[in-house]
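[1] Generate a structure from the sequence data that follows.
(chains A and B, ligands or ions: 1)
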Amino acid sequence: MTESAPGDCPGTDIDPFSDEFLADPFPHLAELRDLGEVFYLRKYRVWGVARHSEVTAVLQNPAVFSNAAGVGYSNLKTEEPWRAPSLILEVDPPVHTTTRGILTRILSPRALRDLQERFADEADRLVDRLVAAETFDAVTDLAQAYILKVFPDSLGLPPNDRDNLLTYGGITFDSLGPRNERFEAAMGRAEHIRQWVADNCARHALTPDGFGAKIFEAADAGVVSEDEAGLLVRSFLTAGVDTTVSALGFAIRRFAEHPDQWEMLRQDPSLARSAFDEVVRIDSPVIGFFRTTTTEAVLGSTTIPADQKVLVFFSAANRDPDRWNNPDEFDITRRTAGHTGFGAGIHGCAGQMVARLETEALLTALAKRVSRWELAGPPTAALNNTLRALASLPVRAHQFATHRVVPATA
Amino acid sequence: MPKVTFLHNDGTEDVVDTDPGTSLMQAAMLGGVAGIVAECGGSMMCATCHVYVSEDWMEKVGGRSEMEEDMLESTAEPCRPNSRLSCQISVSEDLDGLIVETPRTQL
Ligand code: FES
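    Down below sits the predicted model:
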């Protein structure tokens, strides 16, 4: 690619969707941050921001940096999307204001209070079993097993075939990238899963006490249509499974690598909440989302024309040394407010309080029983166009003598 | 630079310089104000950036949106008529000298 960047904007040949980048994005993200306030990704002819101040500025200005053309590489206004656009993430105000209002009410800290006990019970049960086995996979046996139980339960989904949720999440996050091999492979899996998702998001499929039923109450009240309610339920499935699974996997890896931090959490389990946010900051499951300019947009000394895609690197802002002291250091006592691991502004993750509650319950259950983590094999990465995650993380969980759970003998 | 004072329950206070256009919550974070948690970073999901606006400033600070109204039902300390989410207050030169109180707890 010899094409130069428009204007004075620095250009780069870094490919944020290549295997090499996705396997370890952080050195590349540092390079992108150093390029300038704004840069131009030549291969894809899109713009990018990676510094905390610009990432935040873009996210706080939804009128200029719009979501309605999609948060992926393709432009939903000019290209046929593979699924109906999201009614919460891929819209602007005023539509967004209505749907966000529904979710804000359903997912507020007050509304979630009742779930705390349920999450704690499930976490205790699962962790007892795993700790008795001692060696297990922290991604599949712990993170996936836990989230696939508690999250769809809260939503009110039937218990069958929940692995499909992981497939669906993977497809959706891959589909936000350019049409590379990962994208095409995801589309190959999309056909049969799309119907399963639609069937499971319908009113009659959902239990009467979950988030899903509450969304259909909004349909009954005439705030959204029946179809729109189904699409909002679908948003929970896309956003609430893979992301939290990813963060939990990274959390355990961090604690295995930093026994001092695990010891601190054990001594004071109330640190579970800030520990989780620190993982979301430093390991940023979502690498970044796109915005699209609605008009000419000035960022620093660069003018971006209208109708241009801008890739907003949440993961780079989260390690910007201008914003964070020792950004590459894992510190569970860090004040992490202002990290962009959940995005920021009006599109900031609506389910983040659920994620905090889920992970707090699980980390607390683990802190009570596990004295020390040990890697029992090399972790493997799951490469996806948008979502960073581990595919597996074999661990050995050492128990406290006083809490030793003995496996039942046959 | 508008100055804002955060009064805390234990009688101490923080005076913070703010950048016009940023939110009161962001100013508190950058100024290291302990009484504001702001777990959700300003996405209006957490209600841990709760402040009580001093009576004299109520009018200048302005009213709450409908969504903020809903979220204020989730605060840890009781919501009062002068309760606001600091992430929803945009600082301007008009607010130079603003005084807000932080609640005893945010969680
Ligand atoms: S920072 Fe979360 S509601 Fe204000």
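
[2] quick one: the residue positioned nearest the centre of chain B and the ligand, what's the gap?
    When chain B is reduced to its mean C-alpha position, the nearest residue by CA atoms, centre = their mean turns out to be B:S86, at 2.9 Å. Distance of B:S86 to the ligand, given as CB to the nearest ligand atom, to the nearest Å: 6 Å. Yep, even glycine has a C-beta here, placed from its N, CA and C like the rest.

[3] and that residue, what is it in contact with?
    Counting by CB atoms under 8 Å, 6 or more residues apart in numbering or on different chains, B:S86 touches B:23-25, B:28, B:36, B:38, B:49-51, B:100.

[4] same thing with A:F342?
    Taking CB under 8 Å, 6+ apart, we find A:F342 in contact with A:280, A:348-349, A:352, B:40-41, B:43.

[5] how about the strands in the chain?
    Unless you meant another one, I'm taking chain A. Counting by DSSP state E, chain A has strands at residues A:11-12, A:39-41, A:46-49, A:65-66, A:135-137, A:289-293, A:297-299, A:302-304, A:309-312, A:370-375, A:380-382, A:389-392, A:394-399.

[6] The chain in question should be chain B.
    Going by DSSP E, chain B shows strands at B:3-7, B:13-17, B:50-53, B:83-85, B:98-101.

[7] do the first one and chain A meet?
    No: using CB under 8 Å from any CB of the partner chain, strand B:3-7 stays clear of chain A, with a minimum separation of 14.8 Å.

[8] Now that strand: buried residues?
    B:4, B:6-7 (16 or more other CB atoms under 10 Å in any protein chain shown).

[9] Of those, just say which sits nearest to A:L237.
    B:F6 (40.6 Å; CB to CB).

[10] quick one: the spatially closest residue to that closest one that is not a sequence neighbour from B:A28, how far?
    The shortest distance from B:F6 to any residue other than its chain neighbours is 4.6 Å, reached at B:D14 (CB to CB, 6 or more residues apart in numbering or on different chains). The gap separating B:D14 from B:A28 is 8 Å, by CB to CB, to the nearest Å.

[11] More neighbours: which of those two?
    Taking other CB atoms under 10 Å in any protein chain shown, B:D14 and B:A28 do not tie; B:A28 has more neighbours (27 against 17).

[12] wouldn't that one be in contact with B:H8 here?
    No: with contact defined as CB atoms under 8 Å, B:A28 does not count as touching B:H8 (11.5 Å).

[13] which neighbours do the two share?
    B:14, B:35.

[14] Surely A:C201 and A:E228 touch.
    No: judged on CB under 8 Å, A:C201 makes no contact with A:E228 at a distance of 11.2 Å.

[15] Looking at these two, which has the bigger crowd around it?
    A:C201 (22 against 19).

[16] got a list of what that one touches?
    A:212, A:230-231, A:233-234, A:237.

[17] and the nearest residue to it once chain neighbours are set aside, how many neighbours does it have?
    Distance criterion CB to CB, 6+ apart; nearest residue to A:C201, sequence neighbours excluded, is A:V233 at 4.1 Å. The number of residues packed around A:V233, counting by other CB under 10 Å, is 27.

[18] Wait, A:V233 touches A:I215, no?
    Yes: using CB under 8 Å, A:V233 makes contact with A:I215 at a distance of 5.6 Å.

[19] Just the closest residue of chain B to chain A, please.
    With CB to the nearest CB as the measure, B:S43 is the residue of chain B nearest to chain A, at 2.7 Å.

[20] Just the pLDDT at the nearest residue in space to that residue that is not next to it in sequence, thanks.
    Excluding its sequence neighbours, the residue lying closest to B:S43 (CB to CB, 6+ apart) is A:G348, at 2.7 Å. Looking at A:G348, its pLDDT stands at 94.

[21] How about the contacts made by A:G348?
    Residues in contact with A:G348, defined by CB under 8 Å, 6+ apart, are A:59, A:342, B:40-45.

[22] Tell me, what's the model's pLDDT at A:P407?
    62.

[23] Tell me which of the strands of chain B sits most buried.
    strand B:50-53 (a mean of 25; mean count of other CB atoms under 10 Å in any protein chain shown).

[24] Same list, the strands of chain A, but as TSV with mean neighbour count please.
    Output for these, formatted as TSV (neighbours: other CB atoms under 10 Å in any protein chain shown):
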stretch	mean neighbour count
strand A:11-12	17
strand A:39-41	23
strand A:46-49	25
strand A:65-66	22
strand A:135-137	18
strand A:289-293	22
strand A:297-299	18
strand A:302-304	20
strand A:309-312	24
strand A:370-375	17
strand A:380-382	15
strand A:389-392	19
strand A:394-399	19
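
[25] Make a markdown table from those strands and add distance to B:R64 and mean pLDDT to it.
    Shown next, in a markdown table, are the strands of chain A (distance: least, CB to CB, whole Å; pLDDT from 0 to 100):
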| stretch | distance to B:R64 | mean pLDDT |
| --- | --- | --- |
| strand A:11-12 | 44 | 96 |
| strand A:39-41 | 39 | 97 |
| strand A:46-49 | 31 | 98 |
| strand A:65-66 | 25 | 98 |
| strand A:135-137 | 47 | 98 |
| strand A:289-293 | 27 | 98 |
| strand A:297-299 | 30 | 95 |
| strand A:302-304 | 34 | 95 |
| strand A:309-312 | 29 | 98 |
| strand A:370-375 | 44 | 97 |
| strand A:380-382 | 43 | 96 |
| strand A:389-392 | 38 | 98 |
| strand A:394-399 | 47 | 96 |
